[in-house]
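1. sequence isn't available, so here's the structure alone:
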Ligand SMILES: [Zn+2]
């Protein structure tokens, strides 16, 4: 049999996009609560011209008529706006630059009455705390859902051990908790900022303002919902947690969503979204601050800086897919014309895959893991077709900078 796909279902033949710095090893976002060990992922699609789906989407976006989209948003807000003083839209976030803009637009540009909802970072950074405070100072109320920390720590450890995905408990709550709150508080409109999965997913999902319900809703039994690679039933039976403890991590029952009439929309569909402009917007309109030091593993200072686990998360992506934080940052900036592809490649060569020393011990302590166990887990998830060991050091077999030399 012709073997074309290796670990995680990734193509064995590594290719880099001709336009940006992404490789064909990047998986599309999958349904988080179905993620088990040995899951086969759908990698980003490359056309015959060697250009990735994310770049294709980025080009397509240039032809969007933003005035029409703005009108659609006005209509949407008119449908959900309340005149009796109650909150009429939930804006999930934690003071990062995307959620700052989403909340600000809803309240001050579209005359809505937003309530912020925060699923807190696993380990908040000092900068994250400051930005959260600035967000609230800009004139918003916020409901914070703080999960049972004993459970949260357990799920972080299981996610890391079983999936090499220590960030999963955050992702699960970020996807599900605001939807759950929508049904509890009877606030049907939930407005996220940019669709984080927009770049690298099948383009057809980006042509609509809403997220497919399969990502956050399900009525399957607890034995078929997976948290940290373990069924929700087992978490309850084996570790002694209650269903109520698990609730914010679980997909929401479609019946409850129907009753409230919950709709999840992305503001990024209606308004032109641009990471660097979101950053300037946040600085201008709230007291959002970038980090005062370079992000380890990349060269940036302003994106994903509120959770200490962000660093570890990007490190694991480099181990599993060969794509570190500098790759993700540069791919986006090349596409937006802020840096050239050559500059991107040089930045990747210099920074990608750097061990996140600054917060690593905090994360390990949080999960209750030793450094030795950390190394074991990392090595168990290192993708064989991407890595080879040379004089005791792991090296990428086909890094982007070598490919360029081949011409
Ligand atoms: Zn590309």
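-> Nice, I can see it. None of the values given here were measured: they were computed from a predicted structure.
2. got a list of contacts for stretch 368-388?
-> The set of residues that contact stretch 368-388 without belonging to it, under CB atoms under 8 Å, 6 or more residues apart in numbering, is 6-8, 10, 12, 14, 25, 153, 157, 160-161, 164, 316, 319-322, 360, 364, 394-398. C-beta here means a position set from N, CA and C on the backbone, and glycine is covered the same way.
3. among those, which lie within helices?
-> Judged by DSSP state H, these include 153, 157, 160-161, 316, 319-321, 360, 364 as members of helices.
4. out of these, which are close to the ion?
-> Checking these against the ion by CB under 5 Å from the ion, not one of them is in range.
5. quick check: residue 160 touching residue 366?
-> No - using CB atoms under 8 Å, residue 160 makes no contact with residue 366, being 10.2 Å away.
6. and these two? which has more neighbours close in?
-> A direct count of neighbours by other CB atoms under 10 Å for residue 160 and residue 366 places residue 160 higher, at 29 against 20.
7. got the contact list for the more buried one?
-> Each residue near residue 160 by CB under 8 Å, 6+ apart is listed here: 166, 316, 367, 369, 377.
8. follow-up on the earlier one: and the ones in helices among the contacts of stretch 368-388 as JSON lines, adding pLDDT?
-> Shown next, in JSON lines, are the ones in helices among the contacts of stretch 368-388 (pLDDT from 0 to 100):
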{"residue": "153", "pLDDT": "97"}
{"residue": "157", "pLDDT": "97"}
{"residue": "160", "pLDDT": "96"}
{"residue": "161", "pLDDT": "97"}
{"residue": "316", "pLDDT": "95"}
{"residue": "319", "pLDDT": "96"}
{"residue": "320", "pLDDT": "95"}
{"residue": "321", "pLDDT": "95"}
{"residue": "360", "pLDDT": "95"}
{"residue": "364", "pLDDT": "97"}
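9. now, among these, which is nearest to the ion?
-> Taking CB to the ion as the measure, the ion lies nearest residue 321 of the ones in helices among the contacts of stretch 368-388, at 14.8 Å.
10. what sits closest to the closest one if chain neighbours are left out?
-> Take residue 321 and drop its neighbours on the chain: the residue closest to it by CB to CB, 6 or more residues apart in numbering is residue 25, 4.4 Å away.
11. these two touch, right, residue 101 and residue 193?
-> Yes - at 6.3 Å, residue 101 counts as touching residue 193 under the criterion of CB under 8 Å.
12. when those two are compared, which one has more neighbours?
-> Under the criterion of other CB under 10 Å, the comparison of residue 101 against residue 193 puts residue 101 first, with 27 against 23.
13. for the stretch 1-150 of the chain, which residues are neighbours of the ion?
-> With CB under 5 Å from the ion as the criterion, the stretch 1-150 of the chain meets the ion at residues 17, 19-20, 22, 52, 55.
14. can you rerun that using 8 Å?
-> Neighbours of the ion within the stretch 1-150 of the chain, by CB under 8 Å from the ion: 17-22, 51-56, 58.
15. farthest pair in these?
-> Every pair in these was compared (CB to CB); the two farthest apart turn out to be 21 and 56, at 15.3 Å.
16. ok, the two, which is more surrounded?
-> residue 21 (28 against 17).
17. ok so that one is a helix residue?
-> No - with DSSP: H, G, I helix; E, B strand; the rest coil as the criterion, residue 21 is coil rather than part of a helix.
18. and the helix or strand hosting residue 258, how far out from the chain's middle?
-> Here residue 258 is covered by helix 254-260, with elements defined by DSSP states H and E. A distance of 25 Å separates the C-alpha centroid of helix 254-260 from that of its chain, computed with CA atoms, centre = their mean, to the nearest Å.
19. now that helix: average pLDDT?
-> In this model, helix 254-260 carries a mean pLDDT of 97.
20. and it, what does it pack against?
-> Here helix 254-260 touches helix 168-185, going by 3 or more CB pairs under 8 Å, 6 or more residues apart in numbering; DSSP states H and E.
21. for the stretch 201-350 of the chain, which residues are neighbours of the ion?
-> Taking CB under 8 Å from the ion as the contact definition, the stretch 201-350 of the chain meets the ion at 331, 334-335.
22. thinking again about what came up before, contacts for the helix holding residue 258?
-> With contact meaning CB under 8 Å, 6+ apart, helix 254-260 is reached by 179, 182-183, 186-188, 213, 217-219.
23. which residue comes closest to residue 133 once chain neighbours are left out?
-> For residue 133, the nearest residue in space outside its immediate sequence neighbours is residue 95; the separation is 7.6 Å by CB to CB, 6+ apart.
24. that neighbour belongs to a strand?
-> No - secondary structure assignment places residue 95 outside any strand; it is coil (three-state DSSP).
25. can you give me phi and psi for it?
-> Its backbone dihedrals place residue 95 at phi 90, psi 10, with angles given as degrees, to the nearest 10.
26. for residue 235, same thing?
-> Backbone torsions for residue 235, taken as degrees, to the nearest 10, come to phi -60, psi -40.
27. can you verify my assumption that it contacts residue 226?
-> No - because the distance of 9.5 Å does not satisfy CB under 8 Å, residue 235 is recorded as not touching residue 226.
28. all helices of the stretch 201-350 of the chain, in order?
-> Listed in chain order, the helices found in the stretch 201-350 of the chain under DSSP state H, counting those that start in this stretch are 232-239, 243-246, 254-260, 267-270, 275-285, 309-321, 325-335, 341-351.
29. can you put those in a markdown table and add mean neighbour count and distance to residue 202?
-> Formatted as a markdown table, the helices of the stretch 201-350 of the chain follow (neighbours: other CB atoms under 10 Å; distance: least, CB to CB, whole Å):
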| stretch | mean neighbour count | distance to residue 202 |
| --- | --- | --- |
| helix 232-239 | 16 | 28 |
| helix 243-246 | 14 | 30 |
| helix 254-260 | 14 | 23 |
| helix 267-270 | 22 | 16 |
| helix 275-285 | 17 | 22 |
| helix 309-321 | 23 | 18 |
| helix 325-335 | 26 | 18 |
| helix 341-351 | 18 | 24 |
